[in-house]
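J.: Would you be able to build a 3D model of this:
(one chain, ligands or ions: 1)
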Amino acid sequence: METSAAILARRSVRVFSDQPVSRDLLRSLVEAATWAPSASNVQAWRFCVVDDPALVRKLDMVSPGLSGKPPVIAVVLSDREYARAKGGQKAADEFSSLDAAYACENLMLAAADAGLGTCAIKSYNDDAVRSLLNVPDGLQVELLISLGWPDPAKSPRAPKRKPLDEVLRFNSCETWGAEETSSHTDAVTSQADDEGRTASCAEQSRDAIGAEGKARPVQTSLSEAMSASPAPQQETTQPSAVAYETAFHGSLSAAMAAASAAAGDPPHSAEEGTDGLELLAYMVTSAAGLQGEPAIYGPLRLIESSKRVAAQLADSLKTADPARAEALRNLATLIAERQNDCMTDEDSFYAMLSEAAALLAKAL
Ligand SMILES: Cc1cc2nc3c(=O)[nH]c(=O)nc-3n(C[C@H](O)[C@H](O)[C@H](O)COP(=O)(O)O)c2cc1C
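T.: Take a look at the predicted model:
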């Protein structure tokens, strides 16, 4: 595949088949990652590729932003201590995240070239991931990348991109003032735009590449990939707020550790949300992750949890009370279909919440 075609064909994939990915292929993807540029060629990036199904499942359980049950999760880290020793403080604090982002993009493009699907995941619980993978203190987890063969029936559409004129200037940046920022086209999308849509990747590539088979100018920017460093925490100067926050995080970490310890090796359930422990881990890590994430993720995580409970209840009631089980199953389906509208169409999201309440009433 031409590089420009791979750039346009890569999509965040959130539905995977069960088919395993060979170690040889995984090694080749990481090798592609290591050919990314790095400041002073420090190469502080590290890659922990998780393909043990039990461990993948546990990582999934503590990563509310991850979906689609991927067979592999590539965990990209940077060795901050090594970066500091080799390249100084800036290398540790700033460049290692940038370098890791370049490596991630290389990995994802190489995966797209091989026909694999990937999705960058930042909504994971850092404490839990560190604990599950025994990450030493000097290393920072930069990004999780879910990886697997995409489900061909559920290929994602390309989410909108901002018009080039909005994000490109030559020679001066001064017209990017505060007023202009507020009127910018909102091209922010997430799984919302991607899930459940049926356009094939080939169709998208054709569209992007053009009927004549020539690649159109690439209109993507790497700015999002460059922002892989953790979102800044909200600043608060009130001592009581700080104390509260510390206590809140302490209790979440304790709950997380308990959930993680209790996880053991529970049997894998094919149906999402049929396992109480999975739900518990989702709720705890969601609560821990919400600070610093967009406010709308709160209702999203809550309704996602409700969907899992509804699916679980529907399963347990299917023999004893089929009518109620069906109402609950319908509720879970409605939520699954519309929950991510919160990213692109809040009105539709809130309308869905009303419909969900009405459906729920039927199951009471
Ligand atoms: C730093 C970073 C973090 C992301 N975190 C998540 C995440 O937690 N969950 C998710 O489903 N997608 C995540 N994404 C994927 C973006 O939502 C996606 O790249 C964007 O919607 C554009 O879609 P595309 O990748 O198909 O072009 C992340 C992407 C980046 C670059």
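
J.: give me the residue from this structure nearest the ligand.
T.: For the chain, the residue closest to the ligand is Gly65, as judged by CB to the nearest ligand atom, at 2.5 Å. Heads up, the C-betas are built off the backbone N, CA and C, glycines and all.

J.: Against which helices or strands is the strand or helix carrying Val141 packed?
T.: Using DSSP states H and E, Val141 sits in strand 139-148. On a contact count with 3 or more CB pairs under 8 Å, 6 or more residues apart in numbering; DSSP states H and E, strand 139-148 meets strand 72-79, helix 80-87, helix 96-113, strand 117-121, helix 126-133.

J.: Just give me the residue closest to the centre of the protein.
T.: Ile121 (2.9 Å; CA atoms, centre = their mean).

J.: which ones are touching the residue lying closest to it once chain neighbours are set aside?
T.: Closest residue in space to Ile121, ignoring its immediate chain neighbours: Leu144 at 4.1 Å, by CB to CB, 6 or more residues apart in numbering. Each residue near Leu144 by CB atoms under 8 Å, 6 or more residues apart in numbering is listed here: 59, 63, 66, 73-76, 120-122, 124, 129.

J.: please redo it, this time with the cut-off set to 10 Å
T.: Residues near Leu144 by CB atoms under 10 Å, 6 or more residues apart in numbering: 48, 50, 59-60, 63, 65-66, 70, 73-76, 104, 119-124, 129.

J.: swap in Ala332?
T.: 271-273, 306-315, 356, 359.

J.: which of these are buried?
T.: 272-273, 306-315, 356, 359 (16 or more other CB atoms under 10 Å).

J.: about what we covered before: need the pLDDT of the residue nearest to the centre of the chain.
T.: Confidence at Ile121, expressed as pLDDT, is 97.

J.: Asp345 now?
T.: At Asp345, pLDDT is 84.

J.: Isn't it up against Ala351?
T.: Yes - counting by CB atoms under 10 Å, Asp345 does reach Ala351; the two are 9.2 Å apart.

J.: Now for these two: what residues contact both?
T.: Common neighbours of Asp345 and Ala351 (CB under 10 Å, 6+ apart) are Arg338.

J.: my read: the residue nearest to the centre of the chain touches Ile145, true?
T.: Yes - with contacts counted by CB under 10 Å, Ile121 reaches Ile145, the gap being 6.9 Å.

J.: Quick check: neighbours shared by the two?
T.: Shared contacts of Ile121 and Ile145 (CB under 10 Å, 6+ apart): 70, 73, 75.

J.: who are the neighbours in contact with the first one?
T.: Taking CB under 10 Å, 6+ apart as the contact definition, Pro70 lies against 13-17, 21, 50-51, 56, 59-60, 116-119, 121, 144-150.

J.: Can you classify it as helix, strand or coil?
T.: Per DSSP: H, G, I helix; E, B strand; the rest coil, the secondary structure class of Pro70 is coil.

J.: quick one: it from Asp127, how far?
T.: 22 Å (CB to CB, to the nearest Å).

J.: What sits closest to Arg169 if chain neighbours are left out?
T.: Thr175 (6.6 Å).

J.: ok, that neighbour - how many residues close by?
T.: 7 (other CB atoms under 10 Å).

J.: my guess is it is in a helix, correct?
T.: No - the assignment for Thr175, made by three-state DSSP, is coil rather than a helix.

J.: Make a markdown table out of the helices and strands packed on strand 139-148 and add distance to the ligand.
T.: Shown next, in a markdown table, are those (distance: least, CB to the nearest ligand atom, whole Å):
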| stretch | distance to the ligand |
| --- | --- |
| strand 72-79 | 11 |
| helix 80-87 | 18 |
| helix 96-113 | 8 |
| strand 117-121 | 4 |
| helix 126-133 | 12 |
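
J.: Relative to Arg157, which of the ones you listed is closest?
T.: Proximity to Arg157, assessed across these by CB to CB, is greatest for strand 117-121 (13.6 Å).

J.: Report the distance from the closest one to the chain centre.
T.: 7 Å (CA atoms, centre = their mean, to the nearest Å).

J.: tell me the angle that strand makes with strand 72-79.
T.: Angle between the axes of strand 117-121 and strand 72-79 is 40 degrees (criterion: axes from the mean of the first three to the mean of the last three CA atoms, to 10 degrees).

J.: elements contacting strand 117-121?
T.: strand 72-79, helix 96-113, strand 139-148 (3 or more CB pairs under 10 Å, 6 or more residues apart in numbering; DSSP states H and E).

J.: and that strand with helix 96-113, angle?
T.: For strand 117-121 against helix 96-113, the angle by the same axes, to 10 degrees is 160 degrees.

J.: Good, wrapping up.
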